[in-house]
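Asker: Okay, sequence plus prediction incoming.
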Amino acid sequence: MRTSGTGRAAARSLRAVAGVGLVLAALALSLLPATPALAAAPGPTVALSQSEGGKGGEITVSGAGWKPGALLMLLICGQGEPGKGVIGGTNSCANTLGRAATVDAKGAFSQKMPVAEPPKPCPCVVHVAGVTGQQDVVDVAFTVAGHPTAPLPEASGVGRLAVLASVRLEGSSGVLVWFGAPARREVVFTVGNLGQTPVKDPVFEVGTRHGVFSPAYEERQWRGTIEPGKKAQIKLPVELSAGAHGDYEVSVRYAGKVLVDQPWGVGRPWGVTLFWLLLAVVVPAALFRAGMAVVDRARPGGSAGARSGHRRRRALVRTHHHGPAPERAETTTTAVLPWFTPDSAPSAPSEHSPTTKGHQ
């Protein structure tokens, strides 16, 4: 009986513990709705020290939520509004007085920049765009005191193009590129019109970047119309400077938004190196020969005198070793065959000189 009583007591204890666990679980589940859900990671933000300033003044631009280590470009632009972007791209910005900023390890930055009047009328914005890495763009409204204002122009279809296919570079380098000529390619990509209005003759901006420097963009207009929901293949020429080599990035931007970022590796122009090596060998050799020729002509008597003096020295050397040369005979002698000479010729018998045969 004691054993059974002990077992019932243990069972009751286990049920009590289980009941307490269920109560705690229910309390935890009831508290979950009251706990705030984790919000999505906020995008990059930008704040200004003041919302208005005059030409010659200075403002501080700070931000948070950017990619650590990213390089940012800060510009004051006209014809722009937050959410709509800058109409006309960087052509509407005061590019000469822009500033660059580097995001720290916490994703924040702070940079002072002068207040400048953009080439286009206001409404104006402070345009912050990523140059490397995640190329986010944030526009913050800013008033340039004393600068003219005008309504924003119609920008039908602007900013509604998106890249639909992979990007590639077409073309090859010729022989002249090996000797430092500019390398040329065509960047090819397919875009689709995601808007509700057709895009006619869109103007793209093509730029190249080397290292951490920001790309230098040039406008390239594509002729044609892209209807809503349609797509088109775009081919834009891109060219590097003479003698450029190394790793480059080709960027294509439309309505302030980067559509394409394609790497491009350019080989070193070894022909230029070979030319300078040959020049370093040929020029000193030619100068040495020219100098020796000048020295030879500058000596007394020149080249002819040097040759005659050399012949006289050779004659004196022969006289010293072999004695004076014999004088030439003035009379000439007739050549006689060696086996027939007057002394050895047989004489014919005559009456005055009989033969000695039989005589002593």
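Answerer: Arrived safely, thanks for sending.

Asker: Can you tell me which helix or strand of the protein has the lowest average pLDDT?
Answerer: Lowest on mean pLDDT, DSSP states H and E among the helices and strands of the chain sits helix 2-31, with a mean of 49.

Asker: May I see the buried residues of the helix or strand just after that helix?
Answerer: Where DSSP states H and E defines the elements, the next helix or strand beyond helix 2-31 is strand 45-48. Across strand 45-48, burial judged by 16 or more other Cβ atoms under 10 Å covers 46, 48. Glycine gets a C-beta too; all of them are placed from N, C-alpha and C.

Asker: tell me the average confidence for strand 45-48?
Answerer: For strand 45-48, the mean per-residue pLDDT is 93.

Asker: Same question for stretch 274-285.
Answerer: 79.

Asker: Please save the CA atoms from it in PDB.
Answerer: C-alpha atoms of stretch 274-285 as PDB (Å, rounded to 0.1, in the frame of the first residue of the first chain):
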ATOM      1  CA  LEU A 274      59.000  47.200 -77.200                       C
ATOM      2  CA  PHE A 275      59.200  50.500 -79.000                       C
ATOM      3  CA  TRP A 276      60.900  52.200 -76.100                       C
ATOM      4  CA  LEU A 277      63.300  49.300 -75.600                       C
ATOM      5  CA  LEU A 278      64.400  49.500 -79.300                       C
ATOM      6  CA  LEU A 279      64.600  53.200 -79.000                       C
ATOM      7  CA  ALA A 280      66.900  52.900 -76.000                       C
ATOM      8  CA  VAL A 281      69.200  50.700 -78.000                       C
ATOM      9  CA  VAL A 282      69.200  52.300 -81.400                       C
ATOM     10  CA  VAL A 283      69.500  56.000 -80.400                       C
ATOM     11  CA  PRO A 284      72.700  55.500 -78.300                       C
ATOM     12  CA  ALA A 285      74.300  53.400 -81.000                       C
END
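
Asker: hang on, Val282 in a helix?
Answerer: Yes - per DSSP: H, G, I helix; E, B strand; the rest coil, Val282 lies within a helix segment.

Asker: Identify the residues contacting it.
Answerer: If a contact means Cβ atoms under 8 Å, 6 or more residues apart in numbering, then Val282 has no contacts.

Asker: Distance check, it against Phe275.
Answerer: 10 Å (Cβ to Cβ, to the nearest Å).
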